Each structure stands twice: as C-alpha cells, then as structure tokens.
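In: fold the following, please.
(one chain, ligands or ions: 1)
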Amino acid sequence: MVVTCVFRYTIQLMPDDSRQKVLGLISLGCPKNTVDSERLLGELAEDGWRFTDDMGNASALVVNTCGFIRDARLESEEALDEICEIKKSRPDVLLVATGCLPQRDGVSLRSRFPAIDLVVGVGSLPELPRLLNDLWEDRAAISTDEIELITPARATLSGSHVPRIRVTPPWTAYMKIAEGCDHECAFCTIPSIKGPHISRPVDDLVSEAEQLAADGVREIILISQDTTAYGSDIGTNLRTLLTELDKVDNIDWIRLHYLYPSKISDSLLDVMADSSHIIPYFDIPLQHVRPGILKSMLRLAPDLDFLDLVRKIRSLFEGRANPACIRSTFIVGYPGETENDVDALLDFIESARIDRLTVFKYSQEDGTAAATLPGQVSEHEAEDRMHRLMEAQQDISLEINEGWVGKNIDALIEGLTDDGKRVGRTYRDAPEIDGLVILSGVPDTIEPGNFARVKVTGALPYDLEAKWLWC
Ligand code: SF4
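Out: Below is the predicted model of the structure:
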C-alpha cells in the first residue's frame, strides 16, 4: 500500500538573467512516485533546469500527484490549488500536473484546474521533460493533444542510464524494480492507473545498485506494486535478482517492500535467510485475514493460513541476533465486513504478534469491483474499527520493543529530533513508515550515514531508546 509523503526539492539559485529555467516540484504519494520525481529532476537538470523550494520564484511548477484513494486525491488537489493560486499573481509561470491523478481523472482534471498548462498521465511520464522544454521555448509548439497527454494505463520504467537526482538521505535509495500490477484486488485502483506489471532487467538493477554504492548509499530499498511478481514478465524471478544484488559490494542493507503473502516461497525465504545483506524485514500486506473477505477482495489464495506463514518466517530466523521483523497492512470497513471479521483481525494480531502494522480504512473508489458491493460500511464505523485495531497493535508493539531492552543492535545514524537528539534506524525500521531509535552518547564526530552498534535502553510504543557503543 501507499504511504503519502511530500518533498520539495531545493538547489541554490544562481543570480542570473531574468528568464531562468527554475523549477519547483511537489512530489506526493509513495516511494515509487518519489523515484519518478527523482528521474524527472535528473533529466530536467541535464536540460539546464535548476530547482527551488521557493514556489513563488519558480518559472515552472510541477505537482507529481497521487490518486489511488480519496484522501490522496484530496491532498493532490490541494497542491494543484496551491500552484494555481501562484499563477494568479504570476501569469507566466508554467503549471504541470503529472502522476496518478491525471492518469485516473483524464482531461476532467484540466477542466477543474484550467490554469494548468500541461497534464501528463503517469503512463506518459517519460515524455514530460521534452514537453516541458517545448512549452518553455514556445507554447505554440505543443499540440493540444500533448497538453493533455494521457495514454491508456501503462507502466513505464526508467533504466539505470536515466539520470536521477535523489531526494532521500544520501545513504538510502529506493530502487524501483518493477511497475504496474497484474492482480485484480477488488478495492484497488492501481492496475487501472499503472497498467500491467513490467520488470526491469536484473543486470540493469545490479548496475544501478553498483552506481548507488559508489555514491555512498548503504541501504537500498526495493519497491514495486508486488515485489514477489518481479521478473515474471521477463523470464526471471526475485530470487535471482536478490542473489545478484547480494554480491554488490558496500551495500549493507537490502530492504524489500510489498511481498504478496501467497507468493512468499520457501526458496525465496532461503535466499533471504542465507544472505548477509538482505535484512530480515518482511513487509507483507495481508489486507485481511478472513477467507470470506479475502475472496471478496479477489486476493489470491484467500484460504492461506497467515499464522502459519508468520511462524514459518519467524522460525527461519529464530535465535539470530536479528530475528525476523514482520510488517503488514490491513484494510478495515471493506463491504460486508462484520464485527466478527473485526474480532478475527484482533485475534490474529494477538496471536501473530507482528512487529509493525498499519490499518487503513477502506476507500470506496469508482471503477473498482468493490465499490458496487452491498454492505458498504459507514465511515464512522470504519474509523472506529481502525482505532480499535491500532490500539491493540500499539500494546503489542510496545511489548515487542520492551523485549529489545538490554540488547545490542546496529543502527544507521540519521538526523536529529525536534529537540536536538540524534536518531537512527535499525533494520526493523523502514524510512517514513516505521519507528526510530533515539540515540544518546553519539560523539559529535560521527556523521549521519554511518552505522553504529547501540545498546537498547528504553522502549516506546513505536520507537526505541539506545546508547551508542561504537561505530
Ligand atoms: S497486489 Fe492488489 S492491492 Fe497491490 S497493487 Fe496489485 S491490485 Fe493493488
């Protein structure tokens, strides 16, 4: 599932002539969108664009939108409103909407935001740098069709040769290994936005990992819609990719997101267990645990015993210094969900005691199979279910964290808290999603991006407190 994040990228402006190619970018949505934005920045930099976070001073403003559920759409529309407002006082500024929202809404987006000069669906993203440059040079040079460039849903992927300006901390990088999705989950708009699944070749991904390592990246995070589907379209598989990535020097952590539960094979687990760099972090979006709901959701293998899966993963890493860390997501308030189904979710989290859990409220999305199902659950009821589950999980998360007190663990040192404390992440903490380790005793000479051995001294529901031992 997708977690919304925002970045506004800044490069110092040069005092220069009056008509500068200066771009402000608002990137919303998931890490896959972040990677798309990074490629866009890289390509535009090669075309002479520079970047600012001062939206009022940009000569072009781009919003890379998210649009897979209502809340994400609202956030994207707010960002579009924001840039349209700027145009009222600066009519020359070029406005661009790209990403999932225009792909989903089509030309209706431009009728709602007529100030926007260019609308490029996610399937046409590779065309965006050329179109923006053309627009900058001569507005008349662009045909009406190209001003609203929305092709049928299709996934696009940039290879390692496409320049990229990364916006994540220098020591962490996302690698988009595949895009699109062949599943038909009844609640999900993503296949209709992104189109069928496509994968990048293994050698291109290895080459990118090598480039990232040479740039000082210590952690790479593999992302896609369904990472276990990697390679199915190009005659390879995730095991092969992981085996090759594991050989890349100087990458300390390889983190995987979005493992489809029924496709976690024993051989995949073996590759992960045998690797020294693939961390035992299992991000498995279960969505629900009741077979009836999972069937209605059109999830694969709705009868799979998830408790068995959790136990199997845990047993493989039992006794190790870094035991398996399991994260999942649930959707509550799905049409037809009853109180018994919610009780089953509560029972599951009590029994499985997974480390990390995010609970989403079901979002009724036009065009999905679930939108027309009977038994739609009220917003209020879904909200209540979400809170009950999150409260139960909070207690479990605290107990699991308390089990770490007194133990030593590696932490990747990052930034500072608002009150000036240094923080890091362990292998159990994906950036922007999971917790942090609040560190004490880190010498000032230790720069962010280094690994430290730390001793856990305290536990909070989602974070740990720890004392620096050595680097
Ligand atoms: S696996 Fe299901 S939920 Fe995930 S992107 Fe594909 S259709 Fe959507």
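
In: Ile400 and Ile326, how far apart?
Out: As judged by Cβ to Cβ, to the nearest Å, Ile400 and Ile326 stand 10 Å apart. For the C-beta atoms, the positions are set from N, CA and C on the backbone; glycine is no exception.

In: please name the nearest non-neighbouring residue to Val93.
Out: Spatially, and ignoring its direct neighbours in sequence, Val93 is nearest to Lys87 (5.5 Å; Cβ to Cβ, 6 or more residues apart in numbering).

In: thinking again about what came up before, between Ile400 and Ile326, which has more neighbouring residues?
Out: Higher neighbour count among Ile400 and Ile326: Ile326, with 22 against 17, using other Cβ atoms under 10 Å.

In: and that one, what does it touch?
Out: Phe282, Ile284, Val310, Ile313, Arg314, Ala352, Ile354, Asp355, Arg356 (Cβ atoms under 8 Å, 6 or more residues apart in numbering).

In: show me those that map onto helices.
Out: Among the contacts of Ile326, DSSP state H puts Val310, Ile313, Arg314, Ala352 in helices.

In: if I look at Phe317, how far off is Pro280?
Out: According to Cβ to Cβ, Phe317 and Pro280 sit 5 Å apart.

In: ok, Asp92 next?
Out: Asp92 sits at a distance of 53 Å from Pro280 (criterion: Cβ to Cβ).

In: kindly report the same for Gly29.
Out: 27 Å.

In: of those two, who's got more company?
Out: Ranked by neighbour count (other Cβ under 10 Å), Gly29 and Pro280 place Gly29 first, with 25 against 20.

In: a helix runs through that one, doesn't it?
Out: No: counting by DSSP: H, G, I helix; E, B strand; the rest coil, Gly29 falls outside a helix, being coil.

In: next one, pLDDT for the residue nearest to it when sequence neighbours are not counted please.
Out: Distance criterion Cβ to Cβ, 6+ apart; nearest residue to Gly29, sequence neighbours excluded, is Cys66 at 2.9 Å. pLDDT recorded at Cys66 is 96.

In: ok, Ile11 next?
Out: 43.

In: mind checking the SS state of Thr98?
Out: Under the three-state scheme (three-state DSSP), Thr98 adopts strand.

In: can I assume it is in contact with Thr65?
Out: Yes: using Cβ atoms under 8 Å, Thr98 is in contact with Thr65, at 6.9 Å.

In: what distance do you get for the residue lying closest to Gly441 once chain neighbours are set aside to Glu337?
Out: Nearest non-adjacent residue to Gly441, counting by Cβ to Cβ, 6+ apart: Trp468, 4.2 Å away. Applying Cβ to Cβ, the value for Trp468 to Glu337 is 46 Å.

In: with Pro102 instead?
Out: Remark: distance between Pro102 and Glu337 (Cβ to Cβ) = 32 Å.

In: show me which of those two is the more surrounded one.
Out: Neighbours around Pro102 and Glu337, counted as other Cβ under 10 Å, are more numerous at Pro102. The numbers are 32 against 25.

In: part of a helix, is the more buried one?
Out: Yes: checked against three-state DSSP, Pro102 lies within a helix.

In: who's in contact with it?
Out: Here Pro102 is in contact with Thr65, Gly67, Leu109, Val119, Val120, Gly121, Val122, Ile150 (criterion: Cβ under 8 Å, 6+ apart).
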